[in-house]
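S.K.: No letters, just coordinates:
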């Protein structure tokens, strides 16, 4: 693969990470949160092609047809949780759980990087330079996540409490979108 092809692939793979980061940034944009989400999304996007390449065609066959259901389940559950928590914690002093920590962070990182797993199989079959491709994919996803969170923060400060509920609906919507190839 040429460098341009790898960059275009990385941009395409970063779209889900950007979308989720935009929504998370609506309510969570402290420097540590920016770093955590950007780092983990980039790391997962960089490592998933390695897992896909190592597992090869057998892994692709094992997940064939189910990867979108896994992504749907994770995103829909996290989105519903964000929506519910934003409504439940309507008081002025109650905080919404931080999706850049714990299992929420791992779930979002996995859900936004499942496409990269299949790409890894393709990269291995095409005998592409896997380390170069993974580095570009990871850096691109990390930067896209950072930009998404920063943009979300700009909108989030203006939108107030409604941002959490809206964000949950958007993440759940991304999960539903996963059901349709």
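M.R.: Thanks, I have the structure now. What you are looking at is a predicted structure, and each value in this text was computed from that prediction instead of being measured. Numbers count the residues shown, from 1 in each chain.

S.K.: what about the chain, any weak spots by pLDDT?
M.R.: 56-64, 67, 70-71, 74-75, 78, 82, 85-96, 157-168, 171, 181 (pLDDT under 70).

S.K.: same thing but 50
M.R.: Applying pLDDT under 50 to the chain flags the ranges 92-94.

S.K.: Surely residue 136 touches residue 7?
M.R.: Yes: with contacts counted by CB atoms under 8 Å, residue 136 reaches residue 7, the gap being 6.2 Å. For every residue, glycine as well, the C-beta is placed using N, CA and C.

S.K.: In terms of neighbours, single out the busier of those two.
M.R.: residue 136 (20 against 15; other CB atoms under 10 Å).

S.K.: quick one: that one from residue 103, how far?
M.R.: 29 Å (CB to CB, to the nearest Å).

S.K.: Can you give me the buried ones in the host helix or strand of residue 146?
M.R.: Element membership for residue 146 (DSSP states H and E) is helix 130-159. Within helix 130-159, the residues that count as buried by 16 or more other CB atoms under 10 Å are 130, 133-134, 136-138, 140-149, 151-153, 156, 159.

S.K.: which stretches of this structure form helices?
M.R.: All helices of the chain, identified by DSSP state H, fall at 3-25, 31-63, 67-88, 102-125, 130-159, 162-177.

S.K.: Distance of residue 107 relative to residue 41?
M.R.: Distance from residue 107 to residue 41, by CB to CB: 12 Å.

S.K.: the more surrounded of these two?
M.R.: Per other CB under 10 Å, whichever of residue 107 and residue 41 has more neighbours is residue 41, with 31 against 17.

S.K.: The more buried one is in contact with residue 112, isn't it?
M.R.: Yes: assessed by CB under 8 Å, residue 41 is found in contact with residue 112 at 6.0 Å.

S.K.: Which neighbours do those two have in common?
M.R.: 17, 20, 141 (CB atoms under 8 Å, 6 or more residues apart in numbering).

S.K.: Run a quick neighbour tally on the first one.
M.R.: Each residue near residue 17 was counted by other CB under 10 Å, and the total is 30.

S.K.: pretty sure it contacts residue 145?
M.R.: Yes: Residue 17 is within contact range of residue 145, at 4.9 Å (criterion: CB under 8 Å).

S.K.: Need the residues touching each of those two.
M.R.: Listed as contacting both residue 17 and residue 145 by CB under 8 Å, 6+ apart are residue 41.

S.K.: List the residues that contact residue 54.
M.R.: residue 120.

S.K.: any idea how far it lies from residue 136?
M.R.: Residue 54 sits 19 Å away from residue 136, going by CB to CB.

S.K.: Please consider this matter closed, and thank you.
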